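>>> Sharing a model that was predicted from the sequence below.
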Amino acid sequence: MALVIYNPAGGDGTTKQFIEDRVLPLLKTNDVPIAKIVETEYVGHAGVVAFEFVDSTISGPLDIIIASGDGTIHEIISTIALAPSYKNRSPSSPAQVNLVLVPCGTANALYSSLFLPKPDDDPVQYKLQGIHAFIKKTKRVLLTLAITDILTPPKGKGSAPVREKPTVSAVVTSTALHASILHDSEVLRAEIPSIERFKVAAHQNITRWYSGCAKLFPSKSTGVVEIWNPFDKEFVPHAESDEDDPYVDIDGPFAYFLSTVNVDRLEPAFQITPLVTAEPRTGAFLDIVVIRPYRDVSLGGLEAEEERKRFAEKLGEVLRAVYQSGNHINLRYDSAGKVVSEGEGELVVEYFRCGGWEWIPDIEDEKAHLLCNDGHISTIPKGGKVKTMAAAASGESGFIVYV
Ligand SMILES: Nc1ncnc2c1ncn2[C@@H]1O[C@H](COP(=O)(O)OP(=O)(O)OP(=O)(O)O)[C@@H](O)[C@H]1O
């Protein structure tokens with residue numbers, strides 16, 4: 001028996017109608033038994049409903065049909081994955097949850113990465129592909145999760161940092177520009193319901209840099225942090241990472257710092273981590289995109305404001321290249337600091353594949369404290385830091401999407 005959850009407030013607000021006109025009739029025609037249909041009423045409601053469903057379904061598959069965007073999917077995954085205890089379900093029977101996706105949000109990153117959009121797709125049929133895949137059950141994807149801990153500063157001398165409740169993401173974990181965009185775009189939701197609001201918010205933040213430093217952790221399976229080499233078209237161990245000392249420290253300032261799991265894009269055409277699909281690998285990996293302004297040597301010697309203005313133009317070019325099939329990962333600086341697609345200059349974008357990362361914002365830089373988990377924004381406390389690690393799904397527990 002499947003649970004149906006939909007968010008009436010996501011996307012352009014037409015979800016309820018799509019459920020009634022398209023989804024429920026399709027499920028009925030294919031004899032999919034429905035346990036319950038729930039319209040979410042508040043932020044966090046989807047997680048509560050999904051938790052109750054998992055707890056009360058003692059036998060049989062756990063099928064959850066979700067008509068929403070990534071934010072609601074995040075609430076469901078994070079709540080189930082972090083449930084401290086169940087009343088009815090034994091802790092020794094790990095849950096394998098089948099998620100059936102109907103893209104009714106604004107960005108729909110997970111859906112558009114798993115069901116690649118084609119120019120001639122019929123919009124209604126495209127949105128129903130997840131249901132058809134669930135009915136056929138031929139091919140499935142086990143989701144990799146990213147587990148994020150915010151560590152607040154130690155209370156007193158000699159005491160350890162305090163670990164807040166972790167968050168589990170299935171799409172994106174970011175700081176810097178992307179977190180600022182998601183933070184500011186929420187204010188624009190009513191005025192601009194489409195993905196255009198992300199562009200407006202990007203424009204508002206494009207000259208901002210973020211102070212702090214980051215540490216990259218090796219993946220379990222390779223033992224090192226890898227970096228993409230676009231010349232040879234392969235991931236190679238980072239120059240500072242080997243089996244004896246695999247950690248890589250990177251200093252700010254940063255313009256962009258974002259990691260993904262499961263997705264190569266954050267919107268149908270915004271392919272920010274294109275290697276997730278172009279160079280797929282099984283296991284617990286995060287793909288990380290970092291942009292640091294001072295890799296552009298032509299910025300040296302300018303006034304701070306002029307540096308930021310000049311770099312903002314280049315960052316704009318890089319973000320436009322993301323929409324050109326993820327071509328930002330091939331961009332370089334020429335000897336005059338111009339952004340070009342060819343040559344042997346410094347890469348504009350650093351593209352890492354690794355097991356996790358830590359971000360330590362400069363205490364003075366307020367916006368560097370913003371953190372985005374699948375669209376959900378939180379604030380790292382002053383003096384604190386954040387750590388995100390990849391976790392691969394196992395055969396018996398975890399989240400599955402039929403594709
Ligand atoms: N009835 C409701 N009223 C207001 N907000 C709701 C309601 N139900 C759920 N929400 C919240 O709406 C937020 C956004 O939801 P969702 O992710 O489904 O859509 P979206 O943000 O438009 O899409 P995407 O995440 O793909 O960009 C979530 O944080 C969710 O908690």
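Nice, I can see it.
>>> Figure out how far stretch 99-107 is from the centre of its chain.
14 Å (C-alpha atoms, centre = their mean, to the nearest Å).
>>> what about that stretch, how long is it end to end?
18 Å (C-alpha to C-alpha, to the nearest Å).
>>> Up against the ligand, what does the chain have?
Where the chain comes near the ligand, counting by C-beta under 6 Å from any ligand atom, the residues are 7-11, 40-43, 45, 68-72, 75, 105-108, 375. Backbone N, C-alpha and C define where each C-beta goes, glycine included.
>>> Name whatever forms a beta bridge with Val339.
Tyr333 (DSSP bridges).
>>> Tell me how many other residues crowd it.
Residues lying near Val339 (other C-beta atoms under 10 Å) number 19.
>>> Quick check: pLDDT value at it.
With respect to pLDDT, Val339 scores 97.
>>> repeat for Val289
So Val289 comes in at 98 (pLDDT).
>>> Just read off the phi/psi values of it.
Here is the backbone geometry of Val289 (degrees, to the nearest 10): phi -110, psi 120.
>>> I figured it hits Val349, correct?
Yes. If you go by C-beta atoms under 8 Å, Val289 and Val349 touch, sitting 6.0 Å apart.
>>> any common contacting residues for the two?
In terms of C-beta atoms under 8 Å, 6 or more residues apart in numbering, Val289 and Val349 are both contacted by the residues 328-329.
>>> if you count what's nearby, which of these two comes out ahead?
Val289 (25 against 22).
>>> are any of the residues of the chain next to the ligand buried, and which?
7-11, 40, 45, 68-72, 75, 105-108, 375 (16 or more other C-beta atoms under 10 Å).
>>> which ones among the residues you listed are found in helices?
In helices, defined here by DSSP state H, the members of these are 45, 70-72, 75.
>>> which one among these gets closest to Ala269?
Of all those, the one sitting nearest Ala269 is Asp70; the distance, using C-beta to C-beta, is 15.8 Å.
>>> Verify the contact between that closest one and Ser113 for me.
No. Under the criterion of C-beta under 8 Å, Asp70 is not in contact with Ser113, lying 10.2 Å apart.
>>> close enough to count as contact, Tyr86 and Phe53?
No. At 11.2 Å, Tyr86 does not count as touching Phe53 under the criterion of C-beta under 8 Å.
>>> Same drill for these two, tell me which one is more crowded.
Counted by other C-beta under 10 Å, Tyr86 and Phe53 do not tie: Phe53 has more neighbours, with 22 against 17.
>>> which non-adjacent residue is nearest that one?
Leaving aside its chain neighbours, Phe53 sits nearest to Leu3 (4.4 Å; criterion: C-beta to C-beta, 6 or more residues apart in numbering).
>>> Run through the helices of the stretch 51-200 of the chain in chain order.
Here the stretch 51-200 of the chain has its helices, by DSSP state H, counting those that start in this stretch, at 70-82, 109-114, 123-127, 129-136, 176-185, 196-205.
>>> Per-residue pLDDT of Pro94, please?
The model's pLDDT for Pro94 equals 63.
>>> Tell me the spatial nearest neighbour of Trp228, not counting adjacent residues.
Trp228's closest residue in space is Tyr351 (C-beta to C-beta, 6+ apart), at 4.0 Å.
>>> Doesn't the one you found belong to a strand?
Yes. Using DSSP: H, G, I helix; E, B strand; the rest coil, the assignment for Tyr351 is a strand.
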